[in-house]
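In: Fold the following.
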Amino acid sequence: MVLAMKQRFVPAPFHLTVHRSHSGRGLFTQERIRKGSCIIEYLGRPATTKQMKENRGKYLFWTSNTSMIDGNIPANVARFVNHSCAPNCEIKIYRRRVYIFALRAIEPGEEISYDYGPEYFEIHLARRCRCPKCSMMRNS
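Out: As a prediction, the model looks like this:
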């Protein structure tokens, strides 16, 4: 009988840095991250009723059907994680908190990325994705 390991929603103390990326600033790892690791929590203050209704801010994140956070705060280093159509991470929401997990092993110097989803893509990226995968396709 195989027992499934319980998911740990506690970010490991990875050494992450913010620097220039293909689309502004991005979040990069300075060490190898194993597949399945909880990398960082996306922090934010509760969104206002107006923000929830308009749902247009670039750093807004739904944490349930009725709650949202605004991640545009200095303490939220995870706000520098960029979109990718070929991401190395995924989002998991647990107890109305947002965590970023590695989908695969991530090597030192690699940028952390996740798929922002179709709604964000339509509203903010206007179908002009600048992720490495889409940039390569445009340049070929």
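
In: Could I get the contacting residues of Phe28?
Out: By C-beta atoms under 8 Å, 6 or more residues apart in numbering, the contact list for Phe28 reads 16-19, 21, 109-112. Yep, even glycine has a C-beta here, placed from its N, CA and C like the rest.

In: is it true that Gln51 lies in a strand?
Out: No. Assessed with DSSP: H, G, I helix; E, B strand; the rest coil, Gln51 is helix; it does not lie in a strand.

In: just checking, it touches Gly57?
Out: Yes. Gln51 is within contact range of Gly57, at 5.9 Å (criterion: C-beta atoms under 8 Å).

In: all helices for this structure, in order.
Out: Shown for the chain, the helices assigned by DSSP state H span residues 49-54, 118-120, 132-139.

In: mind giving me JSON lines with those and columns for mean neighbour count?
Out: Formatted as JSON lines, the helices of the chain follow (neighbours: other C-beta atoms under 10 Å):
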{"stretch": "helix 49-54", "mean neighbour count": "11"}
{"stretch": "helix 118-120", "mean neighbour count": "11"}
{"stretch": "helix 132-139", "mean neighbour count": "12"}
